[in-house]
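K.L.:
Just need the structure, nothing else, for what follows:
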Amino acid sequence: GEAGLSASGGLDDEAITEADVAAGLYDGARVELWRVDWARPALAVRLWAGTLARIRRENGAFVADLDGPMAALERVVGRTYGRSCDAVLGDGRCGLSAAAIGGRSCDKRWATCAGVFGNGVNFQGFPDIPGDDFLTARPAGGGRHDGGSRR
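P.N.:
Modelled structure (predicted):
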């Protein structure tokens, strides 16, 4: 959250169960902080509003990490184009099962995805996209120059 904003405490409401919290049921919930004079509630002032980023256990209590309104501006929306794969090893976009991974890790490169895992068809990067080295590259000598794949 913004500047490490969090709230902590215990659960004392029967409607909010530890199982629901652990399952992430409240992640993304709207949170508002109000200053209220209980003698004159009509004068209540909202001090802050945001969302519940996640809840974790820490030292026997629950700690809720809170995101303020500016957190939405920090999130990546859509895809970015780069040479490395942006899928998480074993997720739906990767397409590999835990059995196929076999305890190995992925360095997010095309050569690893295609060569080690045999999963080039699901590679979620752009291995042939020009990078900074493109500015200093020279034409390749020899071979065919037909506009085909560089691999």
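
K.L.:
Got the domain ranges for the chain?
P.N.:
Using automatic domain parsing, the domains assigned to the chain come out as 2-74, 80-139.

K.L.:
Adding mean neighbour count and mean pLDDT, write those out as CSV.
P.N.:
All C-beta atoms are positioned from the backbone trio N, CA, C, and that covers glycine. Conversion of the domains of the chain to CSV gives the following (neighbours: other Cβ atoms under 10 Å; pLDDT from 0 to 100):
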stretch, mean neighbour count, mean pLDDT
domain 2-74, 12, 87
domain 80-139, 13, 88
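
K.L.:
Output those in JSON lines, with distance to D146 appended to each entry.
P.N.:
Putting the domains of the chain into JSON lines (distance: least, Cβ to Cβ, whole Å) gives the following:
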{"stretch": "domain 2-74", "distance to D146": "44"}
{"stretch": "domain 80-139", "distance to D146": "13"}
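
K.L.:
SS state for D65?
P.N.:
Here D65 is strand, with the state taken from DSSP: H, G, I helix; E, B strand; the rest coil.

K.L.:
and the gap between the closest residue to it other than its chain neighbours and E74?
P.N.:
Distances taken as Cβ to Cβ, 6 or more residues apart in numbering place A53 nearest to D65, at 4.3 Å, with adjacent residues excluded. Taken as Cβ to Cβ, to the nearest Å, the spacing of A53 relative to E74 amounts to 11 Å.

K.L.:
Helices along the protein, start to end?
P.N.:
18-22, 71-74, 98-101, 110-111 (DSSP state H).

K.L.:
which one of the ones you listed lies closest to G10?
P.N.:
G10 lies closest to helix 18-22 among the helices of the chain, at 10.2 Å (Cβ to Cβ).

K.L.:
So what touches the longest strand seen in the chain?
P.N.:
Assignment by DSSP state E gives strand 45-58 as the longest strand of the chain. With contacts defined as Cβ atoms under 8 Å, 6 or more residues apart in numbering, strand 45-58 is touched by 1-2, 5, 8, 21, 24, 26-35, 62-69, 71.

K.L.:
Thanks a lot, see you next time.
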